[in-house]
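Novice: need coordinates for the below:
(one chain, ligands or ions: 1)
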Amino acid sequence: MSRTPVSEDAVRAALHGVIDPELRRPIDELGMLDSLTVDGGTVTVRVLLTIAGCPLRSTIESDVREALGSVPGVEETAVVLDVMTPEQRQALRERLRPERGIPFSRPDSLTKVYAVASGKGGVGKSSVTVNLACELAARGLRIGIVDADVHGFSVPGLLGATGTPTQVDDMILPPVAHGVKVISIGMFVQGNQPVAWRGPMLHRALEQFLSDVYFGDLDVLFLDLPPGTGDVAISVSQLLPRAELLVVTTPQAAAAEVAERAGSVSAQTGQTVAGVIENMSGLTLPDGTVMEVFGSGGGQRVAERLTEGLGARVELLGQVPLDVALREGGDAGVPIVLGHPGSPAAVALRAVADRLAARPRGLAGLKLGVTPLG
Ligand SMILES: Nc1ncnc2c1ncn2[C@@H]1O[C@H](COP(=O)(O)OP(=O)(O)OP(=O)(O)O)[C@@H](O)[C@H]1O
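Specialist: Numbers count the residues shown, from 1 in each chain. As a prediction, this is how the structure comes out:
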């Protein structure tokens with residue numbers, strides 16, 4: 001019986017389809033495909049991992065085997081895993097990040113950056129961030145989150161992100177959960193230790209996250225800010241002047257007042273407010289009646305006051321009801337938009353995602369610094 005000859009081109013094409021799970025690029029483009037030999041029906045491939053303890057080595061190995069197995073004529077495969085030399089790693093870093101600094105603050109960056117702010121703590125800012133991120137990622141957008149809430153980091157838990165960042169020289173590769181790249185100070189501290197950092201340390205940490213973490217090309221980057229109008233919000237405005245604010249509040253009047261203050265910081269920093277999201281709105285009871293646990297109208301009030309105060313239209317982007325499934329999804333690390341997409345809160349969050357997705361990517365919304373004549 002004559003055997004189908006194995007085409008080396010077909011093998012290379014198949015291997016081009018193997019994507020590094022962290023870097024999200026084909027392994028051959030990353031210099032990870034070191035050698036390839038075809039001997040009859042046997043294909044031997046040597047793959048270079050970025051670091052010795054690469055947490056995803058078995059994923060890469062099985063993806064390579066699967067790709068090879070799909071090539072006609074291949075009967076046996078041998079996958080040899082080795083590790084890049086420091087020089088090869090350096091070359092990789094330079095290929096991925098030829099320029100230093102914060103990629104999202106470059107004038108030509110097309111990434112939309114949303115800083116999610118709230119006045120008070122516990123209004124669901126992180127839950128809203130994580131759900132919007134997962135929803136947009138599920139639609140095929142490239143999404144990242146920086147958990148900048150250094151004192152109350154909760155994003156990894158809400159996302160079920162159990163992976164740890166991988167360090168390749170001075171570049172940090174963020175873990176990916178539900179298709180979202182995420183980095184949090186919580187990934188760098190032991191257990192549940194509190195982080196006792198003041199302004200300058202926070203600024204430095206944020207700067208490092210934004211410049212050393214390799215997110216690749218993102219459509220949207222969310223920053224989960226600490227509650228209030230503190231140091232981190234000011235740092236964000238300095239490090240990412242084009243970040244737009246998303247203000248999360250509850251329907252409660254007292255929460256609305258503080259949220260308005262958080263939003264109006266943008267007047268001083270020159271940032272745009274992309275909109276207001278009301279969370280913890282009416283809870284639908286089993287008999288169909290709606291219980292307004294935190295009152296009503298807070299989101300609308302914040303949007304109106306910010307519109308007045310900033311002199312630019314700020315819209316209420318949506319009202320997310322209180323929903324037990326949202327809390328349960330957060331506890332389980334499966335955001336409600338993925339776990340219970342038909343639930344009332346998921347429907348409301350998807351509607352907010354629709355509005356964000358409809359906003360143009362890139363340079364639109366950028367203040368051009370021009371003043372009309374006359
Ligand atoms: N719409 C909702 N329905 C039910 N539970 C909610 C809702 N939104 C948030 N929660 C729950 O409220 C708690 C606080 O939410 P979350 O951590 O998202 O708030 P936060 O504003 O980010 O808090 P912090 O300011 O402390 O970081 C969580 O247990 C979350 O599951």
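
Novice: what parts of the chain come near the ligand?
Specialist: Contact residues (Cβ under 6 Å from any ligand atom) of the chain with the ligand: 118, 121-127, 149, 152, 154, 227, 279-280, 320, 322-323, 326-327, 330, 345. All C-beta spots, glycine's among them, are computed from the backbone N, C-alpha and C.

Novice: show me how to select, in ChimeraX, the buried members of those residues.
Specialist: Burial among those is assessed by 16 or more other Cβ atoms under 10 Å; the matching ChimeraX selection reads:
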select :118,123,124,125,126,127,149,152,154,227,279,280,320,322,323,326,330,345
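
Novice: so what does residue 340 have for phi and psi?
Specialist: The phi/psi pair for residue 340 (degrees, to the nearest 10) reads phi -140, psi 70.

Novice: on the pLDDT front, check it for me.
Specialist: What the model reports for residue 340 is a pLDDT of 95.

Novice: for it, what are its contacts?
Specialist: Going by Cβ atoms under 8 Å, 6 or more residues apart in numbering, residue 340 touches 325, 329, 346.

Novice: host element of the second one?
Specialist: Secondary structure assignment for residue 329, by DSSP states H and E: helix 324-332.

Novice: which among the contacts of residue 340 end up buried?
Specialist: 329, 346.

Novice: pLDDT and distance to residue 173 for the contacts of residue 340 - can I get that in TSV?
Specialist: Supplementary listing: these in TSV, determined by pLDDT from 0 to 100; distance: Cβ to Cβ, whole Å:
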residue	pLDDT	distance to residue 173
325	93	32
329	94	26
346	96	30
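
Novice: would you mind giving the contacts of residue 340 as TSV with distance to residue 8 added?
Specialist: Output for these, formatted as TSV (distance: Cβ to Cβ, whole Å):
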residue	distance to residue 8
325	52
329	47
346	48
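
Novice: pretty sure residue 147 is touching residue 181, no?
Specialist: No - applying Cβ atoms under 8 Å, one finds residue 147 not in contact with residue 181, separated by 11.6 Å.

Novice: quick check: which ranges of the stretch 151-300 of the chain have low pLDDT?
Specialist: Counting by pLDDT under 70, the stretch 151-300 of the chain contains low-confidence ranges at 151, 189-200, 229-230, 263.

Novice: mind listing the strands for it?
Specialist: 166-168, 171-173, 176-177, 180-184, 220-224, 244-249, 273-281, 283-284, 290-291 (DSSP state E, counting those that start in this stretch).

Novice: neighbouring strands - and their directions - for the fifth one?
Specialist: To tie it back to what came earlier, the one meant is strand 220-224. Within its sheet, and counting by DSSP bridges, strand 220-224 is paired with strand 112-118 (parallel), strand 143-147 (parallel).

Novice: now the last one
Specialist: Paired with strand 290-291 in the same sheet, following DSSP bridges, are strand 283-284 (antiparallel).

Novice: can you give me the helices in the stretch 251-374 of the chain?
Specialist: Taking DSSP state H, counting those that start in this stretch to define them, one finds helices in the stretch 251-374 of the chain at 253-269, 298-310, 324-332, 336-339, 344-358.

Novice: tell me the most buried of those helices?
Specialist: Among the helices of the stretch 251-374 of the chain, helix 336-339 has the highest mean neighbour count (mean count of other Cβ atoms under 10 Å), at a mean of 23.

Novice: list the helices and strands that helix packs on?
Specialist: helix 125-138, helix 324-332, helix 344-358 (3 or more Cβ pairs under 8 Å, 6 or more residues apart in numbering; DSSP states H and E).

Novice: re earlier: tabulate the strands of the stretch 151-300 of the chain in CSV, adding columns for distance to residue 39.
Specialist: Shown next, in CSV, are those (distance: least, Cβ to Cβ, whole Å):
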stretch, distance to residue 39
strand 166-168, 33
strand 171-173, 34
strand 176-177, 36
strand 180-184, 39
strand 220-224, 46
strand 244-249, 57
strand 273-281, 58
strand 283-284, 66
strand 290-291, 70
